[in-house]
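**Student:** The sequence and its predicted three-dimensional model are supplied below.
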Amino acid sequence: MVSESIPGNPERILNVSGPLDAVSKAFGLIVRRINDEPFDVPSVPGSRAVTIKFMIPNSRMGSVIGKGGSKIKEIQDASGARLNASEGMLPGSTERVLSVAGVADAIHIATYYIGTILIEAQERMPSSSYSTYRPSSNPRRPTHGGSSYIPGYSHHIHGPPHNPPQQLQTQQIYIPNDLVGCIIGKGGSKINEIRHMSASQIKIMEPGATGVGPNGAPGGSEGERLVVITGQPANIQMAVQLLYHRLEQEKQKQLRAQQTSNSTSS
């Protein structure tokens, strides 16, 4: 739902409600629509980044930021998006602006992380209340949240109620053997995080296990490990995006380390 336009004020509010996985997917699709990108094609390095402004209750912003900015850093690392929280509250309300900049997939993942944090905070402190920001018609009102590809648009994130569960599906992907460790993480921390954030079952098979490729032929190769993902379609998509983003992070880390080593030796 989009709020009415107020003369003399460029801001309007877009409210998106529904199950969290659907809401986060919706924001990814909104970015794709803005950029005139196909809905079913993953973001690529050349994809256009956008900035979307979310309105977060001030009482919840601390949970999103985390101690010393730890949560924002976690969201940035997991999604590839860049986050910036405004210092002050919007006039006449108890909400602050959280700007999220990135490509469609990054916005999708970051929205899911933010929504999860807000839902968990609501469960811990259900009695907290806040007043909703309403754009003023005064054109001299200062602007908040920086640039946005939807000028002046802000967004509320709502979580449950959940729709009836869809039938579970399974998808298989392969990852290089030498990158399995970065997917699992210390004590299984990374893979458990991805399972939690995507609400999917993720199983990394033993070396040598193969799935079924096109025409029933075995997929993969000796240098790869099979990963089996089970869940609802949107959750599987989220899990695949998180896995591939984690792999890309590790590849970039290894590349930087190699470049540093080469420059030191020379």
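**Tutor:** Noted; the coordinates are in hand. Please read these numbers as outputs of a predicted model, since none were measured by experiment.
**Student:** need the contact list for Ile183.
**Tutor:** Remark: with contacts taken as CB atoms under 8 Å, 6 or more residues apart in numbering, Ile183 is in contact with Ile175, Lys190, Ile191, Ile194, Ile204, Val227, Leu243, Arg246, Leu247. C-betas here are computed from N, CA, C, even on glycine.
**Student:** So which of those is the closest to Ser59?
**Tutor:** In terms of CB to CB, no member of these lies closer to Ser59 than Ile194, at 28.8 Å.
**Student:** Which residue, other than its chain neighbours, is closest to that closest one?
**Tutor:** Take Ile194 and drop its neighbours on the chain: the residue closest to it by CB to CB, 6 or more residues apart in numbering is Leu242, 4.7 Å away.
**Student:** Just the contacts of Ile183: which are in helices?
**Tutor:** The helices in this structure, assigned by DSSP state H, contain Lys190, Ile191, Ile194, Leu243, Arg246, Leu247 from the contacts of Ile183.
**Student:** Neighbour-wise, give me the winner out of the contacts of Ile183.
**Tutor:** Ranked by the number of neighbours (other CB atoms under 10 Å), the contacts of Ile183 place Ile194 first, at 24 neighbours.
**Student:** Any chance of CSV for the contacts of Ile183, columns distance to Arg32 and pLDDT?
**Tutor:** Supplementary listing: these in CSV, determined by distance: CB to CB, whole Å; pLDDT from 0 to 100:
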residue, distance to Arg32, pLDDT
Ile175, 26, 91
Lys190, 27, 86
Ile191, 28, 89
Ile194, 23, 86
Ile204, 30, 92
Val227, 26, 92
Leu243, 21, 88
Arg246, 22, 84
Leu247, 22, 86
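**Student:** Would you mind giving these as CSV with distance to Gln258 added?
**Tutor:** What follows is those, written out as CSV (distance: CB to CB, whole Å):
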residue, distance to Gln258
Ile175, 20
Lys190, 22
Ile191, 25
Ile194, 26
Ile204, 25
Val227, 25
Leu243, 23
Arg246, 19
Leu247, 16
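**Student:** Just the helices from the stretch 1-150 of the chain, written as ranges.
**Tutor:** Along the stretch 1-150 of the chain, counting by DSSP state H, counting those that start in this stretch, helices occupy 20-35, 58-65, 70-79, 104-124.
**Student:** Ala257: which of those helices is closest?
**Tutor:** Closest approach to Ala257 among these is made by helix 70-79 (17.0 Å; CB to CB).
**Student:** Tell me how far that closest one lies from the chain's centre.
**Tutor:** In terms of CA atoms, centre = their mean, to the nearest Å, the gap separating the centre of helix 70-79 from the centre of its chain is 9 Å.
**Student:** wait, the residue nearest to Ile194 sits on Ala199?
**Tutor:** No: shown here, Leu242 and Ala199 do not form a contact pair, counting by CB atoms under 8 Å, at 11.3 Å.
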